[in-house]
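In: Sequence first, predicted model second:
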Amino acid sequence: MTVYSDLFSDSADWLSHTLNNAAADVAEVRTELPDGTVIVRKALGILELTPAPGRSNPNNEALIVSAGVHGNETAPIEVLNGLVSELLNGDWQLACPLLLILGNPPAMVKGDRFLDANMNRLFHGAHQKPEYQGLPEAARARQIETLCRDFQASHSGQLSHYDLHTAIRPSQREKFALYPFVEGREVPAQQCEFLLEAEVETLLLQHKSGTTFSSFSSSQLGAESFTVELGKVRPFGQNDLSRFTGIRDALRRRFRGQPAPQPAKATFERLTVFEVVQEILNSGPSFVFHVPDDVANFTEYAPGTVLWEDESTTYRVGDEAESIVFPNRDVPVGQRAGLLIRPRHTPGA
Ligand SMILES: O=C(O)CCC(=O)N[C@@H](CCC(=O)O)C(=O)O
Ligand SMILES: [Zn+2]
């Protein structure tokens with residue numbers, strides 16, 4: 001492989017450069033590939049890629065793809081790094097403007113979800129809250145928001161954002177996506193097809209806007225955004241990347257501007273859609289969470305089951321079964337201890 005020493009100094013690739021320089025100040029640098037594609041390293045772990053002048057963008061789109069917003073969710077980071085290496089190697093050519101982000105390099109180095117604050121709760125302006133001032137994760141969220149705004153402002157065409165994660169718990173549905181809530185919008189069929197192409201067969205519709213990265217990009221930048229859960233958290237080097245070829249190949253196809261494959265079956269036959277009915281919050285000292293620590297995502301609870309309580313509420317599952325996603329009692333007061341979901345109710349059905 002050609003070594004782009006201007007982009008990555010002495011490091012072998014983008015990921016090594018990001019890990020090796022997590023404690024350093026890195027300046028913006030620009031390089032041009034032989035075909036005219038321009039790559040600017042805007043900041044540590046953030047690359048803006050612009051196709052060669054005159055190259056057509058058949059899907060008329062711009063893409064933001066992020067991974068490593070949680071530092072221990074390493075497989076999607078390895079997938080993005082592999083795609084960057086392929087591009088630098090000349091294996092294929094870029095057709096659409098692309099912003100690639102490795103979210104939290106210091107946490108990636110430590111192999112932790114975060115260092116001082118969960119960065120995926122600091123977007124949509126939450127980094128400005130007084131309690132987060134001075135924290136590196138708040139500064140990084142602000143920097144990422146600024147670079148995303150600049151990217152959105154300088155490109156026309158549909159903006160999509162895929163924020164790639166892996167889950168802490170085992171999951172009855174290995175791959176799933178979350179669609180942030182924006183008043184009055186529906187998931188476009190093309191996006192559902194893309195998820196299926198990426199082997200993501202389950203979609204959760206959020207019921208209110210939040211402070212995640214994908215909530216920011218959908219609400220503030222008008223992007224079609226998704227948080228995409230691709231498997232289970234594992235340390236660098238311990239991922240079975242053969243389980244991530246769906247997202248790798250689907251992203252590469254979009255980066256190259258190739259048309260979507262023709263699906264063999266209708267979307268509704270392949271995509272299972274849930275709606276979020278409640279975000280369970282750790283409400284404080286009296287909060288008791290009855291979901292066991294080791295329960296798998298999508299575990300279903302029968303009507304009447306008490307799932308959590310505090311001094312003012314005893315939450316029982318309603319008339320229809322509900323399933324738990326992201327159960328986590330170990331979160332600060334005010335933050336999400338889990339999502340409760342149920343199969344989507346189609347109006348009129
Ligand atoms: O497995 C878990 O408990 C967390 C996995 C993860 O990081 N999920 C994201 C989801 C973000 C969203 O709701 O769009 C998160 O919790 O930040
Ligand atoms: Zn995550």
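Out: The structure has been received and is ready for your questions. Ligands and ions are numbered 1, 2, ... in the order given.
In: Following element in sequence after the lengthiest helix in the chain, please.
Out: Counting residues, the longest helix found in the chain (DSSP state H) is helix 136-153. Per DSSP states H and E, the first helix or strand lying C-terminal to helix 136-153 is strand 158-167.
In: Does ligand 2 have contacts with the very next helix or strand once past that following strand?
Out: The helix or strand immediately downstream of strand 158-167 is strand 176-179, counting by DSSP H and E. No: Strand 176-179 does not reach ligand 2 (CB under 5 Å from the ion); its nearest approach is 10.6 Å. Heads up, the C-betas are built off the backbone N, CA and C, glycines and all.
In: Sheet partners, orientation included, of strand 176-179?
Out: Under the criterion DSSP bridges, strand 176-179 sits next to strand 202-205 (parallel), strand 224-232 (antiparallel) in its sheet.
In: Establish whether the longest one and ligand 1 are in contact.
Out: This points to strand 224-232. Yes: judged by CB under 6 Å from any ligand atom, strand 224-232 comes into contact with ligand 1 through residue 227.
In: Run through who's touching that strand.
Out: Residues external to strand 224-232 that are found in contact with it (CB atoms under 8 Å, 6 or more residues apart in numbering): 75-76, 158-171, 174-180, 188, 191, 195, 198, 200, 212-215, 217-218, 239, 243-244, 247.
In: Close to ligand 1 as well: tell me which of those qualify.
Out: 165, 167-169, 178, 212, 214.
In: taking these as a set, which two sit the farthest apart in space?
Out: Using CB to CB, those reach their maximum pairwise distance at 169 and 214, which is 19.8 Å.
In: residues contacting the closest residue to ligand 2 within the stretch 1-150 of the chain?
Out: Using CB to the ion, residue 70 is the residue of the stretch 1-150 of the chain that sits closest to ligand 2, at 3.6 Å. Applying CB under 8 Å, 6+ apart to residue 70 gives the contacts 103-104, 107, 113-114, 118-120, 165, 233.
In: rerun at 10 Å
Out: Contact partners of residue 70, counting by CB atoms under 10 Å, 6 or more residues apart in numbering, are 76-77, 103-104, 107-108, 112-114, 118-120, 165-168, 233.
In: Count the residues that sit near residue 263.
Out: With neighbours defined by other CB atoms under 10 Å, the count for residue 263 comes to 13.
In: Now do it against residue 269, distance only.
Out: Distance, residue 263 to residue 269, using CB to CB, to the nearest Å: 9 Å.
In: What of residue 156?
Out: As judged by CB to CB, residue 156 and residue 269 stand 34 Å apart.
In: Just the contacts of residue 70: which are in strands?
Out: Members of these lying in strands (criterion: DSSP state E): 165-167.
In: Tell me the pLDDT of the nearest residue to residue 302 once chain neighbours are set aside.
Out: Once flanking residues are discounted, residue 302 sits nearest to residue 321: 5.7 Å by CB to CB, 6 or more residues apart in numbering. For residue 321, the model assigns a pLDDT of 97.
In: Residue 321: what's it in contact with?
Out: 300-303, 305, 342-343.
In: Now, the residues you listed that are in strands?
Out: 300-301, 342-343.
In: what two of those have the greatest distance between them?
Out: Longest span within those, CB to CB: 301 and 343, 13.8 Å.
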